[in-house]
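**Q** below is the structure, and that's it, no one-letter string:
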């Protein structure tokens, strides 16, 4: 199949992200967008992870170009409040990695010894590994031009932004100037050839729109991928209970302190509440499960959490999972039309730009000639990525110790996570970036085995370790430390004391320095919102 033209069906953030990437990355390809004029985007994706920066680089965007237009702010961490237990406080999942001469496995080993000896708090893992944690904790930002901290600004910052405005910015400032054709019409039917390939989509106007490749960005409707190509939807409901949300925008009462550089996720009675500070307002929402609470009660819980009564709420219904095949014949699903994992960890936009990148790379590497082998490979890697996202998000619930409501008891104790009679991948632990057989470890064994610390908490997947430590898991116990003292290194106590003192001095010095840096509000006002 030779691809000379692409029709993106559906607008919104996924549609215009796809069109922008295709127009910038795939030279010589005709790109068009067919957008409904009767439906509105879901618009819950207001938060990203650092990998989103790859998309910005792909389409050639600098922060100063788009952030002001899209009400955007910077993000350095995901904060989890009351996830470990009710009223347990917060822990961070900061971005980036420390640049250090000490290998990661050695540092994990050292931290584990210190945590056992000094009964360190959940914050200690972040303090030991990642200087970005201090920016998140104290709500500061820096471009680090003096190299005082071991970080690169572009590698450790993500964004909060208005997804609807972002789509409009891509449409007006990239796609249309690049020659992307834009049509408003509602798809009412499709035409196919004898082999089942789509030859045109027919609009409500009677107009027919044709291309070599049709990219389905129609959201949960999945008009082409599921509706026309019959791609089976594989539900993640077994692992991810939440299926509903209320979303709202609320004003700042004290912008200088409330504009934080973290996405705060707060666990409440039957789910969790997100807080994403934009420049002009705060985006917030309650993600919950209709299996445990009705909409009216959920609305009351949300308003009680916010401490407000008079607020405009938008109700959103969603389903978890992914389609068995994301690419069938000449139809490719991107965004919600292909897959969705709940907003925890900002997986919505993450899955969108990952699929866009892979599609662009495949087309370029094959000079726009695609065969069945290429499509099979794309589908395998797309499914692998979505299973990984499902697994990562699901473990945020399973690692929790909350049992204060039926909802939380179900999350932490009511699910059958280890059914040896069934073939399920949930606890397969990828320690390499490639999905080969040698790159898996079992998460349960990783936590509970008596093997070495290096085996139990592999450095290649620090993101799991941040969540595990925040939830109270320890890879090393006082019993293990006693064994080291008596059998391996009798001088371990002196070494640990010296290491502990040096580390606390380092934490104190860095904390003092970070407090001299501008707050997120001050930084944005100076660098993005000067006017």
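**A** Arrived safely, thanks for sending. Small disclaimer: the values here were computed from a predicted structure and weren't measured.
**Q** can you tell me the closest non-neighbouring residue to residue 11?
**A** residue 35 (3.6 Å; CB to CB, 6 or more residues apart in numbering). From N, CA and C alone the C-beta is placed, and that goes for glycine too.
**Q** surely that neighbour touches residue 7?
**A** No. Using CB atoms under 8 Å as the test, residue 35 is too far from residue 7 to be in contact (11.1 Å).
**Q** next up, phi/psi of residue 93, please.
**A** phi -120, psi 80 (degrees, to the nearest 10).
**Q** so what's the residue nearest to residue 236 when sequence neighbours are not counted scoring on pLDDT?
**A** Once flanking residues are discounted, residue 236 sits nearest to residue 320: 3.9 Å by CB to CB, 6+ apart. Among the per-residue scores, residue 320 holds a pLDDT of 87.
**Q** ok, now residue 448?
**A** Residue 448 is given a pLDDT of 43.
**Q** next: residue 429.
**A** Looking at residue 429, its pLDDT reads 40.
**Q** and for residue 246?
**A** For residue 246, pLDDT reads 96.
**Q** I'd assumed residue 317 was in contact with it.
**A** No. Counting by CB under 8 Å, residue 246 does not reach residue 317; the two are 10.8 Å apart.
**Q** more neighbours: which of these two?
**A** The neighbour comparison of residue 246 against residue 317 (other CB atoms under 10 Å) goes to residue 246, with 22 against 11.
**Q** which intervals of the chain have sub-threshold pLDDT?
**A** 40-45, 97-106, 416-462 (pLDDT under 70).
**Q** what number of residues lie near the nearest residue to residue 277 once chain neighbours are set aside?
**A** Computed as CB to CB, 6+ apart, the closest residue to residue 277 that is not its neighbour in sequence is residue 259, at 4.7 Å. As a burial measure, residue 259 scores 24 neighbours (other CB under 10 Å).
**Q** and for the one 10 residues further on?
**A** The burial metric for residue 269, expressed as a neighbour count using other CB under 10 Å, is 22.
**Q** coming back round to it: which residues touch the residue nearest to residue 277?
**A** 73, 252, 277, 279, 519, 520, 521, 524 (CB atoms under 8 Å, 6 or more residues apart in numbering).
**Q** for the fifth one, give me its contacts.
**A** Think residue 519. Neighbours of residue 519 in contact, by CB under 8 Å, 6+ apart: 139, 140, 141, 256, 257, 259.
**Q** the second one too?
**A** Residues in contact with residue 252, defined by CB under 8 Å, 6+ apart, are 258, 259, 281, 282.
**Q** ok, 6 Å please
**A** Residue 252 makes contact with residue 258, according to CB atoms under 6 Å, 6 or more residues apart in numbering.
**Q** kindly report the same for the third one.
**A** Residues in contact with residue 277 (CB under 6 Å, 6+ apart) are 73, 259, 260.
**Q** on contacts alone, who are the packing partners of the helix or strand where residue 351 lies?
**A** According to DSSP states H and E, residue 351 maps onto helix 347-365. Counting by 3 or more CB pairs under 6 Å, 6 or more residues apart in numbering; DSSP states H and E, the packing neighbours recorded for helix 347-365 are helix 12-25, helix 372-398.
**Q** on that earlier part again, now the residue nearest to residue 277: phi and psi?
**A** According to degrees, to the nearest 10, residue 259 has phi -80, psi 90.
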